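Q: What follows is a predicted structure for the sequence shown.
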Amino acid sequence: MGYKEEFIGIYQENIKREGSVKLLDWMQTTDFFTTPASTKFHGACEEGLVMHSISVYKTMMEKHFDPEKDNRESFAICALLHDLCKAQFYKISTRNVKNDETGQWEKKPFYSVDDAFPFGHGEKSVFLIERFMRLKPAEAIAIRWHMGGFDEAARGGSFAISHAYEKYPIAVKLHLADLESTYLKEKNTSSVR
C-alpha cells in the first residue's frame, strides 16, 4: 500500500466529522499527496508530506494517546492535517551542480517555496481545514502551535504558545510527535542535499 492509500485509510477510519469528506476530496485536487515535507531537510522527496503526516499520526498514537482522556478523531485530525499549509507550497526547480567525479556541471532538481497565500504556517493549516470542517478549540490550538519554538511568533517573543501548551495537552503531544518524526524517524529521507 502506498502513502496516499494509507493516509486515506487512516483518515476515513478516524475522521467522521461533517465536512471531512469534502476536505479530503479537495486535498486530492492539490499536490498534498505528492509534494515534499520540506525543501531540503526531512521528507524533501516526492510524497514527503504525506509520509510525514502518517509518521506524526503513528508517533502521536503510539507515544501519547490515552484512551481514557484523548479523542481518537482529534488525534487523527491534528496529526494528519497539521501541515496542510504545505499543499500548493513547493515547486520543483533545477540548478547546476558540479559533479566531483567528472568535473562536469549537471542539472539537479531542488525544491523551493512558492507560497501564493502567505498566511503563516499553523494558522494557514487551521484556515484551510476550517474552509470545510469545523475544528474544536483544542485541535485548532494544537495545529496552530505545532511548530513550537520554531514558530515565527514564538521566536519573536510571544508567550501565547506557553499558554496554549498549559491549557491544551494535545498541542504539546502534537508538537512532540512532530519533532520526533522530523528529527528521529525521518532522518535521511531527503532526496535533495
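A: Noted; the coordinates are in hand.

Q: So residue 11 versus residue 79, what's the distance?
A: Note on residue 11: its distance to residue 79, by CB to CB, to the nearest Å, is 10 Å. All C-beta spots, glycine's among them, are computed from the backbone N, C-alpha and C.

Q: Look at these two and report which has more neighbours.
A: More neighbours surround residue 79 than the other of residue 11 and residue 79, with 31 against 20 (other CB atoms under 10 Å).

Q: Which secondary structure state does that one sit in?
A: Secondary structure, DSSP: H, G, I helix; E, B strand; the rest coil: residue 79 is helix.

Q: Name the helix or strand for residue 109, please.
A: strand 105-113 (DSSP states H and E).

Q: Which secondary structure elements does the helix or strand of the chain with the lowest mean pLDDT sit against?
A: Here the helix or strand of the chain ranked lowest by mean pLDDT, DSSP states H and E is helix 152-155, holding a mean of 73. Packed against helix 152-155 by the contact rule (3 or more CB pairs under 8 Å, 6 or more residues apart in numbering; DSSP states H and E) you find helix 160-167.

Q: which other helices and strands contact the helix or strand just after the helix it packs on?
A: Sequence-wise, the next helix or strand downstream of helix 160-167 (DSSP H and E) is helix 169-180. Packing contacts for helix 169-180, counted by 3+ CB pairs under 8 Å, 6+ apart, involve helix 48-64, helix 72-81, helix 137-144, helix 160-167.

Q: Cheers, nothing more for now.
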